[in-house]
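Colleague: predicted model and sequence below, questions to follow.
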Amino acid sequence: MIRASTAIALIAALTFAAASTDYTGRSDDNDKKYKVESHGQGWVETADGRKPARDEPQDRYARTDAVTCGVLGESLDALSDIVTAPGACPEGTDIVEITTSCADGEYALDALWVQRVRDDGTYGDAEQLTEDECITPADIARQARREFRTMKIKAPKATMQGNPPMVVNVRYPAYTTAAPQDRTVTLLGVPVVIRAEPTEFTWDFDDPHSTGASTLTTTSPGRAWQEGDPLPDESWVGHTYDRLGTPGEDADTAVDDNGNVYRTGVGVTLTTTWQGRFRVQGTSTWIDIPGTITTTSTTAPTTVTEARTRLVCDALTGSTTC
Amino acid sequence: MTRTRAILAATSIATAAALAVAACDGGDPPASPSPEPSASSAAPSTSASPSATSVIVPPERPKSMDDDGPAGAEAAAVYFLELDDYIMKTGDTAEWEAMSHKSCEYCANRLDQARQIAERGDTFEGGEAQIRVLHTYEQDAATGIWPIDVEIKEARSTITDAEGEVVFEQEALTSTARVEASRSDDRWVIVGVPDIPES
């Protein structure tokens, strides 16, 4: 008796404790999965208003376990017609569901069925197009490869750190925020996560004049310089502009009123190489997908200028110190 | 596809009264009207009693829901999402339940919350939403489902318990969702409200 009342008290306490935290906003309550794939535009405007884009009935395809009428316990030869409606089995027979058992590491794919549209617009009986199958990881890999090739990877943001105009002989850090991008798809009935991982970064600093190379290929995304860091040197992902070309000869190079050479329209390009991987949902092993995808990111064109050493008081009106 | 609805809430009456008092002082300039098509409209009220009863009007069922094509699907999706704050405020969930398919998790989750608010005697305020259809996809041939992408522009919402303590709070929020609408027994039902899948 005592034990029972303790339990009740405990439940009451739990309920009370939960009271202030268990409400949610509507977007937190969304369904975890969508029910149907979506495509196209659902309607067209006609003179009579909006009409479904596809008014004609379409053949219906579905994957489901084969369900037939039969006598349980008898041999499979006793199976008769495919059941297309509940309660359609003749008397004396049962609905028998045929499922395939697959080996470890393989996945069952239900049989594919179609109900074709008859001339009068009604649907015919379900026809079985394929048997239940066992899907192997190799089958999924082939599909994953195709899925990866068509994956829309968002080009990451590329940043050249430094307030414009940039000046010569300074190492400017270059970095990107590239992060793995995932896409969840269903391949042969198996939910699969396809991941694109950035593996290589090629920077083109648009610098034909300097003594160093204009491009830099690295496996590091680079990082931003922060307060407290040492001044960026050659070990940093980045670039030093040390020559700006010859004014008059090189199109974008010119001289300003103070005699400083500068170059305009300097745009940095980042080419990111993405490696594909996939894993079957519910497993933790990532499997590489052969081939890579590249994306291109650009920075806004900026100006690089020489910074001549000049006494500050040059510019001060009425200065007497210089 | 956006419609406004008149909700006469106790808070807005109190606010209007407060503004009216401020205007009488002749000090501050009157507050400028909200540029949004406001979801709550407060009638000028002479009796500025804070105990003014709130009248919560259910969203109006659009005529276009009689259509069994894409226009009807869109109307049903918008109408259903507009019911959300109504069921939270009133506990009147009959229409919501009638439109919820048994496989719709979102519908069940929101229903649970509406019931819980009513059971505990908590008060839901705000949360009025404007729904805009972003895209309506082709009807799925096998299931008859119309997938519809929508934008949901929600006003700030709070849930307050009987002691007056705020137990849930959400700032004004614009989000998107996929609504899967279908016909069942010649009426529109909502089969699911997932996130819009990444393409």
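Modeller: Good, I have the coordinates.

Colleague: who in the stretch 151-300 of chain A is up against chain B?
Modeller: A:Lys152, A:Arg183, A:Thr184 (C-beta under 8 Å from any C-beta of the partner chain). Yep, even glycine has a C-beta here, placed from its N, CA and C like the rest.

Colleague: how about the helices of chain B, start to end?
Modeller: B:10-25, B:70-90, B:94-98, B:105-120 (DSSP state H).

Colleague: could these be laid out in CSV, adding distance to A:Thr292 and mean neighbour count?
Modeller: Listed next are the helices of chain B as CSV, based on distance: least, C-beta to C-beta, whole Å; neighbours: other C-beta atoms under 10 Å in any protein chain shown:
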stretch, distance to A:Thr292, mean neighbour count
helix B:10-25, 57, 14
helix B:70-90, 41, 24
helix B:94-98, 49, 13
helix B:105-120, 38, 18
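
Colleague: any chance of the ones you listed in a markdown table, plus mean pLDDT?
Modeller: Shown next, in a markdown table, are the helices of chain B (pLDDT from 0 to 100):
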| stretch | mean pLDDT |
| --- | --- |
| helix B:10-25 | 39 |
| helix B:70-90 | 96 |
| helix B:94-98 | 96 |
| helix B:105-120 | 95 |
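
Colleague: can you redo those helices as CSV with distance to A:Gln115?
Modeller: Output for the helices of chain B, formatted as CSV (distance: least, C-beta to C-beta, whole Å):
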stretch, distance to A:Gln115
helix B:10-25, 54
helix B:70-90, 22
helix B:94-98, 29
helix B:105-120, 28
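
Colleague: which of those sits closest to B:Trp188?
Modeller: When the helices of chain B are compared for distance to B:Trp188 using C-beta to C-beta, the nearest one is helix B:70-90, at 3.5 Å.

Colleague: that closest one vs helix B:105-120, what angle?
Modeller: 20 degrees (axes from the mean of the first three to the mean of the last three C-alpha atoms, to 10 degrees).

Colleague: how about the strand ranked longest in chain A: buried residues?
Modeller: Longest strand in chain A, counting residues (DSSP state E): strand A:190-204. By 16 or more other C-beta atoms under 10 Å in any protein chain shown, the buried positions in strand A:190-204 come out as A:Val190, A:Val192, A:Val193, A:Ile194, A:Arg195, A:Ala196, A:Glu197, A:Pro198, A:Phe201, A:Trp203, A:Asp204.

Colleague: so what's B:Glu151 up against?
Modeller: Neighbour list for B:Glu151: B:Ile131, B:Arg132, B:Leu134, B:Thr174, B:Ser175, B:Thr176 [criterion: C-beta atoms under 8 Å, 6 or more residues apart in numbering or on different chains].

Colleague: now the second one: how far from A:Glu227?
Modeller: As for B:Arg132, its distance to A:Glu227 is 44 Å (criterion: C-beta to C-beta, to the nearest Å).

Colleague: who has more neighbours out of those two?
Modeller: B:Arg132 (14 against 4; other C-beta atoms under 10 Å in any protein chain shown).

Colleague: and A:Asp125, how many neighbours does it have?
Modeller: That count, for A:Asp125 with other C-beta under 10 Å as the rule, works out to 12.

Colleague: from what I can see it touches A:Gln115, true?
Modeller: Yes: under the criterion of C-beta atoms under 8 Å, A:Asp125 makes contact with A:Gln115 at 7.2 Å.

Colleague: correct me, but A:Ala62 touches A:Trp113?
Modeller: Yes: between A:Ala62 and A:Trp113 a contact is recorded at 5.2 Å, counting by C-beta under 8 Å.

Colleague: the two: which is more packed in?
Modeller: Taking other C-beta under 10 Å, A:Ala62 and A:Trp113 do not tie; A:Trp113 has more neighbours (21 against 14).

Colleague: and that one, what does it touch?
Modeller: Per C-beta under 8 Å, 6+ apart, neighbours of A:Trp113: A:Tyr61, A:Ala62, A:Arg63, A:Thr64, A:Ala126, A:Glu127, A:Gln128, A:Leu129.

Colleague: out of the residues you listed, which is most surrounded?
Modeller: Most crowded among those, counting by other C-beta under 10 Å, is A:Ala126 at 19 neighbours.

Colleague: beta-bridge partners for it, please?
Modeller: A:Gln115 (DSSP bridges).

Colleague: for chain B, what's the longest strand?
Modeller: Under DSSP E, chain B gives strand B:173-184 as its longest strand.

Colleague: what mean pLDDT does that one get?
Modeller: The average pLDDT within strand B:173-184 is 93.

Colleague: is that strand anywhere near chain A?
Modeller: Yes: judged by C-beta under 8 Å from any C-beta, strand B:173-184 and chain A are in contact via B:Leu173, B:Ser175, B:Ala177, B:Arg178, B:Glu180.
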